[in-house]
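Asks: next comes the sequence, and after it the predicted model I'd like to discuss.
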Amino acid sequence: MNIPVDPLSERERQAVILAHDVHDHLLCWLTRQGVIPGGLVVSPFVDASGQPSVLVRLSAPAARTLLRALTEPPPPAGPPRSRHRF
């Protein structure tokens, strides 16, 4: 009896999980930004140094929205929240 062997290495499995997480988070974020995330593709791979990695493909509107968010200054910090309940 042959025991099936997993065709993916541990690093490949990590890359697949990473790609799934990146896809889900980008999909949610783009949707909250009002962008229809058509064309969002996240592909897993293991890079030359053996690290789990992903490639991301975005439509032009999604890429512009991401660039805008990455280049905007962060919003000013609000006043500290009180830990006391009244």
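Replies: Yes, it's here. Bear in mind that the values here come from a model prediction, so they are computed numbers and not experimental data. Numbers count the residues shown, from 1 in each chain.
Asks: in the chain, which residue is closest to the centre?
Replies: V22 (2.1 Å; C-alpha atoms, centre = their mean).
Asks: hang on, that one packs against V42?
Replies: Yes. Counting by C-beta atoms under 8 Å, V22 touches V42, with 4.9 Å between them. Bear in mind the C-beta positions are built from the backbone N, C-alpha and C, glycine included.
Asks: what sits in contact with each of these two?
Replies: Common contacts of V22 and V42 (C-beta atoms under 8 Å, 6 or more residues apart in numbering): V54, V56.
Asks: any idea how far A77 is from the residue nearest to the centre of the chain?
Replies: 28 Å (C-beta to C-beta, to the nearest Å).
Asks: residues contacting the longest helix along the chain, please?
Replies: Counting by DSSP state H, the longest helix found in the chain is helix 10-32. Helix 10-32 is contacted from outside by 6, 8, 36-37, 40, 42-46, 50-54, 56, 58, 62, 65-66, using C-beta under 8 Å, 6+ apart.
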